[in-house]
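[1] need the 3D shape of this:
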Amino acid sequence: MTDPAAEAFLRAFRAASADGRAMDVIASDADGFAAALEASPDAVRQALDEAGGFSGGSAMVPGTAFATAACRADGRILVSDEAFAALDLSPRALSQASRTALGEAPRLSSIIDDRRGHPVAVVIARADRALTWPLSPTVRAALATGVADFAVMGVATTDGVDWSMLLSAWTFSRAETRLAAALVRTGDLRVAAADAGVSYETARETLASSMAKTGARRHPEFVRQLAQLAFGELPDNDAVWRTLADAYDLTPRQGRLALLIALGATRATAADALGVSDQTAKADLKVIFERCGVQSGAALGRIVAETDALARLASATDVALLSRSDAPMPLRFVRRRRAPGRIAVEDHGERDGRPVVILHTPINGRQVPRGLVAALRARGLRPISVERPGFGLTTGSTGDVVEEACADLVDVLDTLGLKRVRLLGRSVIMPLSFAARHPDRVESGVLMAASPPGTRPRGGLISTVIDLALDHPNLVEGFARLMVRSSSEQAIMRLSERSMAASPADLSALARPDNRADWIKACRQSSSGDGFAREFVLHADGGVVPVGAEATPWTVLIGAQDMLGAGIGDGLDLWRRAMPSARLTLVADGGRLLHISHPDVVAEALASRGPA
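    Here you go, the predicted model:
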């Protein structure tokens, strides 16, 4: 490689990677990035892989879900929150764990020294590496000032969890909520029935009803599903079994077995999956139960969820605390019918409103700007945001990206009892694909697309990223990993502002605190799974208009300040050729984020049935 611009970019990129600012270099030197892609794609791939390994993404967690303390090197607890005090860990155990756990990165440990003699999974990190954790003010102060030597984080007891709010997303009744909360806490249905004040037979019937709603096949899977909800939205973890094995001193096979049981497998089916006999699996489970300090599969399900949550949070580079006022009250989960899993939906409108399904982009999740919700509801519309596989709280999938997303949307519509809806798409491929596959379910649609289908803008950051996706597919995984892990509030806003520098309308809209908060939350929701990585190439050029999609009346809103839409040269003509029957509306004072800057324009377009 002899290109000076490429060499300068790679030097700056590698230097910025260690402190998590690699995306800043890409955003500020798009030309250097393009030059490096052209001159030495192998060097870019190596640099991306190295940068992606420094961090684990963002997390959005309730402040009451975790317990933290600041400790001295001898294990003495200097200060802790009330939740940590309830864990009742001894200084000696903390000191021993810290000697093996402290290193460059936070590490999950297992302490078998609480007052009951049960193992408690905790994360231990040097003071300077723990400042992104959800800490109380006093614990944070002890770490920041250097008074404490290391930090410890565990999972708080479930006593403070607002289960009525969490389980309303599954439409649990009060009786189902009481029993479910008791089962998560105790891990035993008979004890849970007594806690809930019902007979064992009634508890079995109530539990069967609850499990049918979530799709859980067995008690461990059900408890794991519910326990996960208490921890918010966390970075992805593709090696949960290894986390369990490391934390509880299990063999790799035992770690995999514990995970399979927590995922709903029977002992026999888990043994088959692992290629061992049922007797071997039985012996392994005995070891697992002993080392995890549990006596039932349901309790193991909770331990798996808690340990996994700690490991994910420990890897996060940015943590946002969710207060009660931040809770997504319209959140609902829909059971995926074709395979185990859940689909996260936010239903913001009145039930008798005309339904509008909002489809997000690969860099956002289900969060809908408050201004758009208000504008839609004012026109008698019912905004429903559906999160696709691998984003936010929706379970990931392994099949065809478009097919899986369309199947999820059918499940949502059927569950909500909606025969036909209007679509609002902030990209091209998903809304057009759904309309082509299910024309009987779509009345009309509005697209706020960056560029016409099948086109590639030239110049600037977004153009370079699209070139990477389409011309260098071997770099996609590394770049996607870096993107989802560069998701602190500061990183999101720096990248957004630089990519929208030519659009005063977008910059002005994001300057408003409420819009900024909604945008950041939506961006963070794309960093907790593999959805962005799986959809990255798909959305790069929008593909082609699927056969049959134009049978639906479409309106395309294009901001005049959006350099990827109207500003693509002959952008309007390209749109006319791609979708000749669509109504094209140029918003003179708008940019790319019309749903934030011009919510009334978007709502009016949706209130109309389609082209005149």
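[2] which non-adjacent residue is nearest Gly529?
    Counting by C-beta to C-beta, 6 or more residues apart in numbering, Gly390 is the residue found nearest to Gly529 once chain neighbours are left out, at 4.0 Å. Every C-beta, even on glycine, is put in place using the N, C-alpha and C of the backbone.
[3] hmm, Ser527 and that neighbour touching each other?
    No: applying C-beta atoms under 8 Å, one finds Gly390 not in contact with Ser527, separated by 10.8 Å.
[4] more neighbours: which of those two?
    Ser527 (30 against 24; other C-beta atoms under 10 Å).
[5] what score does that one have for pLDDT?
    pLDDT for Ser527: 75.
[6] could you measure it against Pro369, distance?
    19 Å (C-beta to C-beta, to the nearest Å).
[7] and what of Gly396?
    26 Å.
[8] out of the two, which sits in the more crowded spot?
    For the pair Gly396 and Pro369, the greater number of neighbours falls to Pro369 (22 against 16), based on other C-beta under 10 Å.
[9] OK, contacts around that one?
    If a contact means C-beta atoms under 8 Å, 6 or more residues apart in numbering, then Pro369 has Asn515, Asp518, Trp519, His595, Ile596, Pro599 as its contacts.
[10] what's the burial count for the second one?
    Taking other C-beta under 10 Å as the criterion, the count of residues near Asp518 is 22.
[11] quick one: contacts for it?
    Gln367, Val368, Pro369, Arg370, Ile596.
[12] next: the first one.
    Contact partners of Asn515, counting by C-beta under 8 Å, 6+ apart, are Pro369, Gly371, Ala509, Ile596.
[13] touching, Ala407 and Arg338? I think so.
    Yes: here Ala407 lies in contact with Arg338, judged by C-beta under 8 Å, at a distance of 5.9 Å.
[14] quick one: which of these two has more around it?
    The residue with more neighbours, out of Ala407 and Arg338, is Ala407; 21 against 13, by other C-beta under 10 Å.
[15] and the more buried one, what element?
    helix 401-416 (DSSP states H and E).
[16] re earlier: which one of the contacts of Asn515 is nearest to Gln254?
    Pro369 (46.8 Å; C-beta to C-beta).
[17] wait, isn't Glu535 in contact with Pro362?
    Yes: with contact defined as C-beta under 8 Å, Glu535 reaches Pro362; the gap is 4.3 Å.
[18] which strands and helices lie in contact with the helix holding Ala407?
    strand 331-335, strand 342-347, strand 354-359, strand 381-386, helix 429-437, helix 531-540 (3 or more C-beta pairs under 8 Å, 6 or more residues apart in numbering; DSSP states H and E).
[19] list the buried residues for the helix or strand harbouring Ala97?
    Taking DSSP H and E as the definition, Ala97 sits inside helix 91-101. Under the neighbour-count criterion of 16 or more other C-beta atoms under 10 Å, helix 91-101 has Ala93, Leu94, Ser95, Ala97, Ser98, Ala101 buried.
[20] restricting to C-alpha, output that helix in PDB.
    Backbone C-alpha positions of helix 91-101 (Å, rounded to 0.1, in the frame of the first residue of the first chain) are rendered in PDB as follows:
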ATOM      1  CA  PRO A  91     -14.300 -10.000  52.300                       C
ATOM      2  CA  ARG A  92     -12.200 -13.100  52.200                       C
ATOM      3  CA  ALA A  93     -14.100 -14.500  49.200                       C
ATOM      4  CA  LEU A  94     -14.000 -11.200  47.500                       C
ATOM      5  CA  SER A  95     -10.200 -10.900  48.000                       C
ATOM      6  CA  GLN A  96      -9.600 -14.400  46.700                       C
ATOM      7  CA  ALA A  97     -11.700 -13.800  43.600                       C
ATOM      8  CA  SER A  98     -10.100 -10.500  42.800                       C
ATOM      9  CA  ARG A  99      -6.600 -12.000  42.700                       C
ATOM     10  CA  THR A 100      -7.700 -14.300  39.800                       C
ATOM     11  CA  ALA A 101     -10.200 -12.100  38.100                       C
END
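[21] for Val545, see how far away Arg534 is.
    Distance from Arg534 to Val545, by C-beta to C-beta: 22 Å.
[22] how many neighbours does Ser90 have?
    Neighbour count for Ser90, taken as other C-beta under 10 Å: 14.
[23] please disregard the earlier target; I meant Val401.
    Val401: 23 neighbours (other C-beta under 10 Å).
[24] isn't it right up against Leu538?
    Yes: counting by C-beta under 8 Å, Leu538 is a contact partner of Val401 at 5.7 Å.
[25] which SSE is Cys178 in?
    You called it Cys, but residue 178 is Arg. Per DSSP H and E: helix 174-186 holds Arg178.
[26] which residues does stretch 401-417 contact?
    334-338, 343, 345, 347, 355, 357, 384, 386, 388-389, 394, 397, 419, 421, 429-430, 433-434, 437-438, 441, 534-535, 538.
[27] dump the residue contacts of the residue nearest to Gly529.
    When contacts are taken as C-beta under 8 Å, 6+ apart, Gly390 is in contact with Gly396, Ser397, Gly529, Asp530, Gly531, Phe532, Ala533, Arg534.
[28] Three-state assignment for it, please.
    Counting by DSSP: H, G, I helix; E, B strand; the rest coil, the backbone at Gly390 sits in coil.
[29] try Pro546
    Going by three-state DSSP, the state assigned to Pro546 is coil.
[30] what pLDDT does it get?
    87.
[31] next, count neighbours for the closest residue to it other than its chain neighbours.
    In space, and not counting its chain neighbours, Pro546 is closest to Ala436: 3.7 Å by C-beta to C-beta, 6+ apart. Neighbours of Ala436 under the rule other C-beta under 10 Å: 19.
[32] and the helices and strands packed on helix 401-416: which comes nearest Ala311?
    helix 531-540 (19.8 Å).
[33] helix or strand right after the closest one?
    Next along the chain from helix 531-540, counting by DSSP H and E, comes strand 554-559.
[34] still on that earlier bit, got the contact list for the residue nearest to Pro546?
    Ala436 touches Pro546, Val547, Gly548, Ala549, counting by C-beta under 8 Å, 6+ apart.
[35] can you select the buried ones from those in PyMOL?
    Filtering these down to the buried ones (16+ other C-beta under 10 Å) takes a single PyMOL command:
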select buried, resi 546+549
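[36] how deep is Asn364 tucked in, by neighbour count?
    Around Asn364 there are 23 residues (other C-beta under 10 Å).
[37] go on, Ala283?
    13.
[38] what's in contact with the host helix or strand of it?
    For Ala283, the host element (DSSP H and E) is helix 278-292. Helix 278-292 is contacted by residues 110, 119, 248-251, 253-254, 257-258, 261, 267-268, 270-271, 274, 276, 295, 299-300, 303 when judged by C-beta under 8 Å, 6+ apart.
[39] let's see it at 7 Å
    Under the contact criterion C-beta atoms under 7 Å, 6 or more residues apart in numbering, helix 278-292 has outside partners 119, 248-250, 253-254, 257-258, 267-268, 270-271, 295, 300, 303.
[40] and stretch 165-179, average pLDDT?
    92.
[41] how far does that stretch sit from its chain's centre?
    Distance, stretch centre to chain centre, for stretch 165-179: 23 Å (C-alpha atoms, centre = their mean, to the nearest Å).
[42] got it, and stretch 468-482?
    That offset, for stretch 468-482, works out to 20 Å (C-alpha atoms, centre = their mean).
[43] residue contacts, Leu468?
    Here Leu468 is in contact with Leu37, Leu475, Phe479 (C-beta under 7 Å, 6+ apart).
[44] before we move on, what SS does the closest residue to the last one other than its chain neighbours have?
    In other words, Phe479. Using C-beta to C-beta, 6+ apart and skipping the chain neighbours, the partner closest in space to Phe479 is Leu48 (5.5 Å). State at Leu48, reduced to three classes by three-state DSSP: helix.
[45] run a quick neighbour tally on Leu48.
    Using other C-beta under 10 Å, Leu48 has 24 neighbouring residues.
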